[in-house]
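J.: Just the structure for this:
(chains A and B)
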Amino acid sequence: MTSQVNEAELLARVVSGDREAFDAIMRIHEDRVFSVCLRIMGDREQGLDATQETFLTVFRKANQFEGKSQLGTWIYRIAVNTCYDQIRKSKRRASESLPDYVDPADPSAEEAVESAGLRPEIETALATLPPEFRSAVVLSDIEGMSMPETAEALGVPVGTVKSRVFRGRRLLAKQLGNQTAS
Amino acid sequence: MCSGDGGFSPNNWGTKQLHETIKTKRMHSHDLDLIAALADGSLEDETRALSRVESCADCRAEYEAQTSVLAALGSLGSTAMTEHEKAALHRDVWTDLRTGAPAAKSTAPWWYRWSYAAAGLFVIVGLAAIVSQITDGGGTTEQFEETDAAPLSATEAPAAEDTEGGDDGASTYLQSAPEAADSAGSDAAAESVDFAALAQALTETGQATRTLTTVDQSVHADCLIEAGLEDYSVIETYSLEAGDYVAAVANDAPADSETVTFVDLATCEVVYTDR
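T.: From the prediction side, this is the model:
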């Protein structure tokens, strides 16, 4: 509750132009936003792009936050929608999927990429899910959000989230089974 | 109650096919709900679910599939950003907010980063030529001038850090008539922006007939969609004292079309269409 109040205060300061407040909000949520974006986008560079775009949107729409949900939930909803948007655009462009780009100036980048890709077969299976199933599974089963939290972040009823998560898992099991078989 | 495999390939999924497949499977949705909830431990009373799993081979298989997927997802590695990536994120976000133009990501190759600088130079030179032409040529557009106005309007976005040094690169700081600038942020000021003149300037430079690859289409995509411009591309952005706007053209517009639509980034509404 306290953190929720503090975050609301931070956001109010953001609206009034406080740069430090926005940096603080970014620091609180950047890892989880990146995690969500990476798992949904399936590519580190695209995950970073989506993360950046998410925070730009958070800043620009800060004055539209009504405080009806937790700030984090609102931010993750923006993150998911940003990912949907980028997925749609990448389909439209039909661009080739780029391999994870490792910045040579970043000594820990390679390790981070390897760490995130410890189970490439799972990442591949996740990528086969419809985006709405994928985001539900990512938020619920990877990020550990409750069904109501996931529903709020996705902007759909709890029943819909359950359906997407359960059927998403079923599709994943199928896909992972196929991969094992092959 | 439970049946076996519905025989669909997730590689060839589609919502319609998925729904049909689910319908053809004889496992009722409440069975799946029950078993999946048992698998993730969210049931308060597991008695009925356990009974179902024990009494039905397919239900047991479903339970095992769900638990194995949960275990697999739980084994995924860490996805934290590196400190370098975090620093780049903060820097790039602020650069974007300050300039109103997308910053090149520091993690991208050098040529990618320099492409934005080149684009910025191109825009600045182009705008200088436009302003010069407008100023010299008379007509209806003589009131435009360059200004050091803050890149973000006070109408919607929170105040961004101002850059006094004039090193804002590719950002476009056009301003409407001086009398409009006096009422910055007000609806009256927004209404006073001479979009017809902006559209004419775009037309004269040929921008209205093509999509500029130098504009990152992802930045304002949400706003375009909200404005009902699903299949449009941004060809120019404007940070005016009256507000922030983008000029967009339809992706499927004929080559000789010069129709430009302006969207207010504060409200994500179409404010002017020039045909």
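
J.: Run a quick neighbour tally on the residue of chain A found nearest chain B.
T.: Closest contact between chain A and chain B, by CB to the nearest CB, is at A:Gly17 (3.1 Å). (Glycine included, C-beta is placed from N, CA and C.) A total of 16 residues lie near A:Gly17 under the criterion other CB atoms under 10 Å in any protein chain shown.

J.: Can I take it that it is in a helix?
T.: No - counting by DSSP: H, G, I helix; E, B strand; the rest coil, A:Gly17 is located in no helix; its state is coil.

J.: how about the strands in the chain?
T.: By default, I'm working from chain A. For chain A, no strands are identified by DSSP state E.

J.: ah, no, chain B please
T.: Using DSSP E, the strands of chain B run over B:145-146, B:174-175, B:232-240, B:243-250, B:260-264, B:269-274.

J.: Now tabulate the ones you listed in CSV and tack on mean neighbour count.
T.: Output for the strands of chain B, formatted as CSV (neighbours: other CB atoms under 10 Å in any protein chain shown):
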stretch, mean neighbour count
strand B:145-146, 14
strand B:174-175, 22
strand B:232-240, 23
strand B:243-250, 24
strand B:260-264, 24
strand B:269-274, 16
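
J.: export those to a markdown table and tack on mean pLDDT?
T.: Converted to a markdown table, those look like this (pLDDT from 0 to 100):
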| stretch | mean pLDDT |
| --- | --- |
| strand B:145-146 | 35 |
| strand B:174-175 | 34 |
| strand B:232-240 | 79 |
| strand B:243-250 | 82 |
| strand B:260-264 | 88 |
| strand B:269-274 | 86 |
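
J.: Let me know which of those is the nearest to A:Val36.
T.: strand B:232-240 (26.1 Å; CB to CB).

J.: Parallel or antiparallel, list what pairs with the closest one.
T.: Sheet partners assigned to strand B:232-240 using DSSP bridges are listed as strand B:243-250 (antiparallel).

J.: ok, now which ones touch the closest residue to A:Met26 other than its chain neighbours?
T.: In space, and not counting its chain neighbours, A:Met26 is closest to A:Phe55: 5.6 Å by CB to CB, 6 or more residues apart in numbering or on different chains. Going by CB atoms under 8 Å, 6 or more residues apart in numbering or on different chains, A:Phe55 touches A:26, A:30, A:33, B:89, B:93.

J.: do the same with B:Glu269
T.: Counting by CB under 8 Å, 6+ apart, B:Glu269 touches B:227, B:263.

J.: Show me the residue at the heart of chain A, geometrically.
T.: Nearest to the geometric centre of chain A sits A:Val36, at 2.3 Å (CA atoms, centre = their mean).

J.: Double-check that residue against A:Ala79; I have them as touching.
T.: Yes - with contact defined as CB atoms under 8 Å, A:Val36 reaches A:Ala79; the gap is 5.2 Å.

J.: follow-up on the earlier one: let me know which of the strands of chain B is the nearest to B:Val123.
T.: Between B:Val123 and those, the shortest gap by CB to CB is with strand B:232-240, which sits at 8.3 Å.

J.: quick one, helices of the chain?
T.: By default, I'm working from chain A. Assigned by DSSP state H, the helices in chain A fall at A:2-15, A:19-41, A:44-60, A:71-93, A:109-116, A:120-128, A:131-137, A:147-154, A:158-181.

J.: think we crossed wires, I meant chain B
T.: Secondary structure of chain B (DSSP H): helices at B:15-24, B:29-39, B:47-55, B:57-74, B:83-99, B:110-137, B:178-181, B:187-192, B:195-204, B:221-226.
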